[in-house]
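# Sequence and computational prediction follow.
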Amino acid sequence: MSEELLRGKAWLFGDDISTDHIAPGRLFHLRTDLPALAEHVLEDARPEFAASLAPGDFVVGGRNFGLGSSREHAPRIIKLAGAGAVLAQSFARIFFRNAINVGLPVLQCDTSGIGEQDELEVDLSAGEVHDLTSGAVIRFVPLPPVMVTILNDGGLVAHVKAHGGFALPQG
Amino acid sequence: MTALTLAETIIAAHAGLEAVVPGQIVVAAVDVAIAQDGTGPLAIEQLEELGVASVKAPTCVFFIDHAAPAPRRELANAQKTIRAFCASSGATLSDVEMGVCHQRVVESYAKPGDLVIGADSHTCMAGALGAFATGMGSTDVAVGMASGQTWLRVPETFRIEVTGELRDGVEAKDLMLTLIGDLGADGATYKALEFGGPGIVALPMPGRFTMSNMAVEAGAKAGLMPSDATTREFLVGQGREEVWRPLAADAGAAYERVVRLDARAIVPMVAKPHTVDNTAPAAELKGARVDQVLIGTCTNGRLDDLRSAARILRGRRRAPHTRLIVTPASQAVARAAAAEGLFDVFWDAGAVVTNPGCGACVGIHEGILADGEVCLSTANRNFHGRMGNPEASIYLGSPATAAATAVAGEITDPRELL
Ligand code: SF4
């Protein structure tokens, strides 16, 4: 992922966006049909989002994005719906780990100055978000090396298959 | 020798190391790996992707508890997949009649000192046995089941030092809601909570389970209790005395933060919609009308919880406009509650007593709310949409508060009815 430049529009979500907003329990029966579940992604926070995002657009949250359940379906359907990355001030732990495992970039940065539908460019190798609408440059917290390894291998299952087990930078 | 917190002690032992420090990345041996009917099918898909025909972690269990028995065809099919996988892979199946995964894990599977991973965020409940237990996604759990290992970043520990004992009508739920209100819903993100002090020594196991269960509601990775005489007594009751061993943090262990709570000062608390840290004393919410009360879930569906509710409901009836649903956490709980006549108390009070399981907690079945309705639940989460309807609101409280609220039809401090 280190060479990639991502570009898209910002969709603003507030603080404490839970996995119930992203993939609600009332749609539990769609968990074995992820494309169908993805049509409802984040529906309980912004009903229009799933139908209107363009491929590569960004989900931009506030504090504690992804809190709640361990349902990995949440980052999977954000990715499946076409979002390029999730940007937030902070992430809940399980969501963050799940996102990396399924290959969805999650970037911790100061999102407070980003406006609705701002055009963003994310430079993963430089660790920067360029808000092309406002001209602001926002640095994001680099991912820990262990997560970079998993992401570069294409997710956790691909990592374990490629190495015949865990081959993570320890220390 | 380095002094270690409880979390560090258990992680080091499972990583084959003398000591670990916060921030360190380790690969650790897994004792217990679990998934449920919502996360299990995706874990099985990943296990198949890994080409794994039989599981390797010592204890692997799939629980059918969230949508049990299946209320729809898609879910029945998903459950069929789980049963077939368990039959062929060596994983254990806990089928629809048995109850909520976390209650079943502490009754039958987890031991003090274990490393437990689960594809369910409240896996942290087993921390009350003195285990390092943490929630993960389906992929992590699949890899854990397949390889018998997982990777962990050693968390910093917050020590939660509790003094004093809870007063009559005040429960562990109130203590935990108070703590979460203080810490905030992300106040302990990535941290381990380690509970201790005389107030915890005095706290019976059911209350410890409630508190460890809700560690994740402050963002924590785990919520650990020492393994002591109370733990032993619980395991004896489960016929598992031989798995007990004492476990505590080393004296002089390094904590990132120490939070002190005086249990005597705690009052009945509720979490208001739509976040768990949005807390207030129940007494301050007097007059807030409630359409449905749910007593149950992995947080507060144990025998002690049902007794606490029955104490208030005995000889009383629910308010005419307030439905009351009681869902025991497991079959063992239901059996014991029935044997001591608690179901009669609930039925006489106008309750629906459902089969053990997650029940109405997560909005799949057995008590979905109507538009504009308000529920007071003994669960751990009150997120927008949690109980199946984003147009409804959820308050959280203890079983005693829930029972008092059902009787009054509005949020009520249970001490008014004792
Ligand atoms: S009872 Fe509720 S919180 Fe507990 S495992 Fe079931 S759905 Fe999750």
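Sure thing, it's come through.
# what's the distance between the residue of the stretch 51-200 of chain B found nearest chain A and the ligand?
Using Cβ to the nearest Cβ, the closest approach of the stretch 51-200 of chain B to chain A is made by B:Gly137 at 3.4 Å. For glycine as for every other residue, the C-beta is placed from the backbone atoms N, C-alpha and C. Applying Cβ to the nearest ligand atom, to the nearest Å, the value for B:Gly137 to the ligand is 15 Å.
# Find me the pLDDT at that residue, would you?
Reading off the confidence values, B:Gly137 has pLDDT 97.
# One more: A:Glu3?
Per-residue confidence (pLDDT) for A:Glu3: 53.
# cool, and A:Leu124?
88.
# what are the ranges of the strands in the stretch 301-418 of chain B?
Along the stretch 301-418 of chain B, counting by DSSP state E, counting those that start in this stretch, strands occupy B:323-327, B:351-353, B:374-377, B:393-396.
# Reduced to three states, what does residue 170 come out as?
Just so you know, I chose chain A. Secondary structure assignment for A:Gln170 (DSSP: H, G, I helix; E, B strand; the rest coil): coil.
# which non-adjacent residue is nearest it?
Leaving aside its chain neighbours, A:Gln170 sits nearest to B:Ile25 (5.1 Å; criterion: Cβ to Cβ, 6 or more residues apart in numbering or on different chains).
# Could you pull up the contacting residues of the one you found?
Taking Cβ atoms under 8 Å, 6 or more residues apart in numbering or on different chains, we find B:Ile25 in contact with A:144, A:146, A:168-171, B:151-154.
# Now which of the residues you listed would you call buried?
When those are checked for burial by 16 or more other Cβ atoms under 10 Å in any protein chain shown, the buried set is A:146, A:168, B:151-154.
# So which of those are in helices?
Taking DSSP state H as the definition of helices, those contribute A:Val146.
# Among the buried ones among the contacts of B:Ile25, which pair sits farthest apart?
Using Cβ to Cβ, those reach their maximum pairwise distance at A:Leu168 and B:Val154, which is 13.5 Å.
# quick one: the helices in the chain?
Picking chain A for this. Using DSSP H, helices in chain A cover A:19-22, A:34-38, A:49-52, A:73-80, A:93-101, A:145-152, A:156-163.
# sorry, should have said chain B
Here chain B has its helices, by DSSP H, at B:6-15, B:40-49, B:73-89, B:101-104, B:138-147, B:172-183, B:198-201, B:205-213, B:229-237, B:297-300, B:303-313, B:331-339, B:342-348, B:399-408.
# Same list (the ones you listed) but as TSV, adding mean neighbour count.
Listed next are the helices of chain B as TSV, based on neighbours: other Cβ atoms under 10 Å in any protein chain shown:
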stretch	mean neighbour count
helix B:6-15	24
helix B:40-49	23
helix B:73-89	16
helix B:101-104	29
helix B:138-147	28
helix B:172-183	25
helix B:198-201	19
helix B:205-213	26
helix B:229-237	16
helix B:297-300	31
helix B:303-313	24
helix B:331-339	18
helix B:342-348	18
helix B:399-408	30
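# I'd like those helices written out as CSV, with distance to A:Gly8 added.
Shown next, in CSV, are those (distance: least, Cβ to Cβ, whole Å):
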stretch, distance to A:Gly8
helix B:6-15, 39
helix B:40-49, 27
helix B:73-89, 32
helix B:101-104, 38
helix B:138-147, 26
helix B:172-183, 35
helix B:198-201, 49
helix B:205-213, 39
helix B:229-237, 52
helix B:297-300, 39
helix B:303-313, 48
helix B:331-339, 50
helix B:342-348, 53
helix B:399-408, 46
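# To A:Phe96, which of these lies closest?
helix B:138-147 (11.9 Å).
# Dump the helices of chain A to CSV, plus mean pLDDT.
Listed next are the helices of chain A as CSV, based on pLDDT from 0 to 100:
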stretch, mean pLDDT
helix A:19-22, 96
helix A:34-38, 97
helix A:49-52, 96
helix A:73-80, 98
helix A:93-101, 96
helix A:145-152, 92
helix A:156-163, 96
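# confidence score at the residue positioned nearest the centre of chain A?
Closest residue to the average C-alpha location of chain A: A:Val86 at 3.2 Å, with Cα atoms, centre = their mean. A:Val86 carries a pLDDT value of 98.
# got it, and B:Arg257?
Looking at B:Arg257, its pLDDT is 98.
# now it, nearest residue through space, not along the chain?
Computed as Cβ to Cβ, 6+ apart, the closest residue to B:Arg257 that is not its neighbour in sequence is B:Phe158, at 4.7 Å.
# how close does the one you found get to B:Ala188?
6 Å (Cβ to Cβ, to the nearest Å).
# Which residues are in contact with each of the two?
Common contacts of B:Phe158 and B:Ala188 (Cβ under 8 Å, 6+ apart): B:Ala220.
# So between the two, which is more surrounded?
B:Ala188 (30 against 24; other Cβ atoms under 10 Å in any protein chain shown).
# got the residues of the stretch 1-150 of chain B near the ligand?
For the stretch 1-150 of chain B, the residues in contact with the ligand (Cβ under 6 Å from any ligand atom) are B:66, B:100-102, B:120, B:122.
# Swap in 5 Å and give it another go.
When proximity is defined as Cβ under 5 Å from any ligand atom, the stretch 1-150 of chain B approaches the ligand at B:Val100.
# low-scoring pLDDT stretches of the stretch 1-150 of chain B, where are they?
Applying pLDDT under 70 to the stretch 1-150 of chain B flags no residue at all.
# follow-up on the earlier one: looking at the strands of the stretch 301-418 of chain B, which is closest to the ligand?
Of all those, strand B:323-327 sits nearest to the ligand, with 8.2 Å by Cβ to the nearest ligand atom.
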